[in-house]
Every structure is written in structure tokens, then in C-alpha cells.
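>>> got a structure for you, letters missing:
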DNA sequence: GGTGTACGTCGTACGCTGTACGATAGCCAG
DNA sequence: CTGGCTATCGTACAGCGTACGACGTACACC
């Protein structure tokens, strides 16, 4: 049998393969289930081999987060700014819903990766080109990102994923914990929510559109800002 | 020497004391620095003693989060809804800025504690009394909480805390990483931000007021909703 | 062909983690 | 005095991240 060169793309380790498998593991088992030994095992390698592609577990986590940012669509350039921001925001929410562990990780990780920077640059460019003055673009950035991240955080901490699960859990778990005399308004809300159905994607765009509309007046509409 | 009864309030353990010291430790050293042994050590007790007050570390983390919610001011009842929501939101941001680890923890913790529930009930009550229909109150809740949590998350992941640190780090760290030809808009933003100064509290209320104003039209102004 | 060097791989070991289990000691009711 | 209850903790175990050093192979050079 030949030296395994052909199978290198299958069995050979690489930083990409390591990080990608780490994503899969974290998606499947949560970030607490991700250990260097388990990751190595599911790559068919010894634990210490990973350290030739990744300096430490911290660096691995940073790389994983940046992959999540790679999955987020950049704001398209050919449409109006609201459509562009809506597209990238919806895409961001989807990516964070696919990888809920990423949100919890962000708090402790302070240096942005390249995909993160590329994303920020594209968003800022979109806002500036739409006529937002520099500082207003910063404000808009903070507000939009706050909404996206906060929504994803809340969505991740929901104990149900579908409208059906919501209905079931409301009946079996929530209401028993919420005495009607102590929490009248939460009871009312729960009932209304079950009746109306629940879709996180719809909820997201509802708030998003409010935010976008609120930002519109911050533009300086007529004048085109010169590229610095 | 007598049996230690008098010093019980000093040295005696209690669930409150355990959780409070856990907060202090997490604030000082980050949530990764919080281990049962270290916590027990700083309480002058053995590690296993903690398990008489807390079923597991997971339960301890849940309890810690609920303490953070206790620190958040409830919306006052005697003012208009916007002022009330502004007060509680500002208070929430402050609490989360004091305990940044709490944000990262929320993603993985799915069952709300009593202080959390009390808080949600009070906020929902405030919105309903202000004239928001049931489902609109839910939307408003999502939007407001998303903004608060998302802002706190971004603030926690900033590598600087003051305007001075921002200026220093921009010069020494950020700009060297941001080639002007690849990231023209981020360079422009960084420069403007340094020039204008930076205050997270101001940034927060700027976006918050936009959100509150955007929510105003969702009220059904005249009619007072009956308490269910 | 022979040899030196660099690289990728991994076995072992160390200090840490959460916590199961059982022992101990002080307390109060009978 | 006796028995049980509560609070405390010592020990032990499996698993963690990773420092260290050994090993085989691949390739550059003479």
C-alpha cells in the first residue's frame, strides 16, 4: 500500500478541519461538551496533536467564533440601506441560532477575528454610504448589533424551539410555576402567546423593522459623504 | 474558648453567604476563576461543605444570576411608561456591567429564577398599564430586553473601560491591526470616536431613547386595559 | 546513498476541576 | 445515656488543559 498521500485530505489534520470539527461538536453537545480529548478523538487523533494547529483552547474558541462570523452574509451593496441591514441582520440571527454557544462565548473574548473585522467594515461602509454621519453610523451600529446579539441571547435561553413546544411547556411547566394571583400579567401573556403562535424569525423582524425605521431620521439624506 | 455561636454570623455558612461570595469571586476573577474549592477557601470552609447549601455548581450559577436580577430596579409605577422603562433599563445595564460574567451565563441557563420572574411581571405590568395590547407588550418586551442584553454583551466584550483606555488602545493596538486601505471606514470611525470621547452610559441611553420612541405608536392610547 | 534537520504525532504526567461517598462531631428528644 | 439529625469535611475518582520530551517520517544537501 502506498504512502497515504491521497487520503491526506480525508485523514490529515489541518487547522480548518480541527476548527470545523470543533464547531460540529459544540453544536451537537454544547460548548461544555467540547474538550480537547473528545475533539481529537472525533478526528481520529491524539489530544496533543491538536496543539500543532491551535496554540491553546482559548485560541480554538476564538477561531470558532470567527467561523460563525464568516457564515453571516455581508450587507449587499446594490440595495437601499434598510434592505441591506435587514438581510445581514436576519442572516446574523440565523447563524447565532445555529450556533448558540457562540453568544455565550463572546462575553469573554475581546479581540475580534478577521471575519468579524470584515463584517464590521462592510456594515459601517453601508451606513456611511447611506448618508449617516460618522458618529451617527457608530450609534446605529451599536443599536443594531445590540438588538441582534440580545435577541439571539434571549432566543438561545428559551427552553423551547417551536410553537408546539411552547404550547406544551406553557401548560405543563410554566403555568404551574406562575400562580395567577402573583403573576397576572405573565399569565395573560403566556395565554395570548400560545393562542397566537410563536415564531422567533417573525418576532425578530418585527423589532428589527422598528429599529431600522427609528434610525432613518439620523441620516443626512442629500449629501454624499466623501470616502475618507 | 466558647463554642462559636456568636461568630456564627461571621463564620457560619449559609446559602446567602455562599452565593454572595461567589458573586464577589466571579466579579474579581471572572467566572472561569470561580471553582468550588476556591470559593470554599475564601469562605474558610472545606469544598464539600458548600454542597449543603447548593445542590451543584449549576444551581449555584443559577442562584448567582438571580442575585443579579435582584439588583435591577423595577420600573417605578408613578411615572409615565417611558421614564419607567428607562429607569429599569439603565439599572439593568449597570447591573450587567458590574457583573459581566452574568451575560455569558444566560445563554446556557434556561429556567428563570424568582427575581427574574418578578422583574418580568413588573415590566409587563408597566407596559400593559401604559396601554400596550397584550401581543404588543410582548413585542416591546422582546425589543427592549434584546437591546439591554445585547448592549451589555457588547460592552462586556470591549477590551477597554474608559475613554482614555480607548484612546490609548486605538493608537497602540487597533490601528496597527487595521490597514487603512482595507478598513477605511473602521479607521474613520475609530478616529472620530477617539476625538469625540466615549461613554457607554451615554451610548446606551441614546439607543434606548430611539427604541422607546419607536415603541410609543404601538400603544392603544385611550383605552385602559382591564386587569385580567 | 548517506546524513542532518525540521515537522507532525502522541504517551505520559502534573495540577486542576466537580462531586460521590462515608466518616465525624455537636446537638436535641426520648 | 441513647439514637437520630444536621453540618462539616477528608478522601477518591474521572476528566480537564497542556508542558515536556520521544519518536518516526520527509526532505535538503553533500
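Right, received. Where do you want to start? Values in this document were obtained by computation on a predicted structure and should not be read as measured data.

>>> count the neighbours of the residue in chain A that chain B sits nearest to for me.
Proximity of chain A to chain B (Cβ to the nearest Cβ) peaks at residue A:150, 2.8 Å away. All C-beta atoms are positioned from the backbone trio N, CA, C, and that covers glycine. Residue A:150 has 26 neighbours, counted by other Cβ atoms under 10 Å in any protein chain shown.

>>> that one: which element?
Assigned by DSSP states H and E, residue A:150 belongs to helix A:134-156.

>>> mind listing what's buried in that helix?
A:134, A:136-156 (16 or more other Cβ atoms under 10 Å in any protein chain shown).

>>> work out the gap between it and the centre of the chain.
Distance of helix A:134-156 from the chain centroid (Cα atoms, centre = their mean, to the nearest Å) equals 12 Å.

>>> same for that helix, what does it pack against?
Helix A:134-156 sits against helix A:81-98, helix A:101-106, helix A:114-129, helix A:200-215, helix B:134-156, helix B:184-196, helix B:200-215, with contacts defined as 3 or more Cβ pairs under 8 Å, 6 or more residues apart in numbering or on different chains; DSSP states H and E.

>>> check which helices and strands the third one sits against.
Okay, so that is helix A:114-129. helix A:57-70, helix A:81-98, helix A:134-156, helix B:184-196.

>>> what sits up against it?
Outside helix A:114-129, the residues that touch it by Cβ atoms under 8 Å, 6 or more residues apart in numbering or on different chains are A:65-67, A:69-70, A:72, A:74-75, A:77, A:81, A:84-85, A:88, A:112, A:134, A:136-137, A:140-141, A:144, A:224-225, B:177-178, B:182-186, B:188-189.

>>> now do the first one
Where contact means Cβ under 8 Å, 6+ apart, the residues beyond helix A:81-98 that reach it are A:27, A:68-69, A:71-77, A:79, A:102-103, A:119, A:122-123, A:126-127, A:129-130, A:144, A:147-149, A:151-152, A:155-156, A:200-201, A:204-205, A:208-209, A:212, A:216, A:219.

>>> for the record, mean pLDDT for it?
Average pLDDT, helix A:81-98: 98.

>>> ok, stretch A:46-62 next?
98.

>>> buried residues, it. List them.
Buried-residue list, stretch A:46-62, by 16+ other Cβ under 10 Å: A:50, A:53-54, A:60-62.

>>> ok, those vs residue B:163, which is closest?
residue A:62 (26.4 Å; Cβ to Cβ).

>>> wait, what's in contact with the closest one?
Contacts of residue A:62 by Cβ under 8 Å, 6+ apart are A:109, A:111, A:113.

>>> for DNA strand D, see how far away it is.
12 Å (Cβ to the nearest atom of the strand, to the nearest Å).

>>> who in chain A is up against DNA strand C?
Neighbours of DNA strand C within chain A, by Cβ under 7 Å from any atom of the strand: A:12-13, A:40, A:45-49, A:51-52.

>>> check which element follows the lowest-mean-pLDDT helix or strand in chain A along the chain.
Sorted by mean pLDDT, DSSP states H and E, the helices and strands of chain A end with helix A:8-11, the least confident at a mean of 48. Counting by DSSP H and E, the next helix or strand C-terminal to helix A:8-11 is helix A:15-29.

>>> the residue nearest the centre of chain A - nearest residue in space that isn't next to it in sequence?
In chain A, the centroid-proximal residue (Cα atoms, centre = their mean) is residue A:96; its distance is 2.4 Å. Leaving aside its chain neighbours, residue A:96 sits nearest to residue A:152 (3.7 Å; criterion: Cβ to Cβ, 6 or more residues apart in numbering or on different chains).

>>> if I read this right, the one you found contacts residue A:103, doesn't it?
Yes: contact criterion Cβ atoms under 8 Å: residue A:152 and residue A:103 qualify, at 5.3 Å.

>>> count the residues that sit near residue A:197.
12.

>>> ditto for residue A:131
17.

>>> what pLDDT does it get?
96.

>>> go on, residue A:161?
For residue A:161, pLDDT reads 85.

>>> state the distance from it to DNA strand D.
26 Å.

>>> can you report how many residues lie near that residue?
By other Cβ under 10 Å, 12 other residues sit near residue A:161.

>>> mind checking the SS state of it?
At residue A:161 the chain is in coil, as set by DSSP: H, G, I helix; E, B strand; the rest coil.

>>> low-confidence ranges in chain A?
A:1-11, A:221-228 (pLDDT under 70).

>>> who in it is up against DNA strand D?
A:3, A:34-38, A:47-48, A:51, A:56-58.

>>> in helices only, show me those residues.
A:36-38, A:57-58 (DSSP state H).

>>> what is the nearest of those to residue A:19?
residue A:57 (11.9 Å).

>>> quick one: contacts for that closest one?
For residue A:57, the residues meeting the contact criterion (Cβ under 8 Å, 6+ apart) are residue A:36.

>>> what's the first helix or strand after the helix holding residue A:150?
helix A:163-169.

>>> buried sites along that following helix?
By neighbour count on 16+ other Cβ under 10 Å, the buried set for helix A:163-169 is A:166-167, A:169.

>>> just the closest of the residues you listed to DNA strand C, please.
When the buried residues of helix A:163-169 are compared for distance to DNA strand C (Cβ to the nearest atom of the strand), residue A:169 wins out at 24.5 Å.

>>> how far away from the center of its chain is stretch A:114-131?
17 Å.

>>> tell me which residues in that stretch are buried?
Buried residues in stretch A:114-131, counted by 16+ other Cβ under 10 Å: A:115-131.

>>> over to stretch A:181-190?
Buried, per 16+ other Cβ under 10 Å, within stretch A:181-190: A:183-190.

>>> and if you look at stretch A:199-209?
A:200, A:203-208.

>>> just how off-centre is it within its chain?
On Cα atoms, centre = their mean, the centre of stretch A:199-209 falls 15 Å from that of its chain.

>>> fine, thanks again, bye for now.
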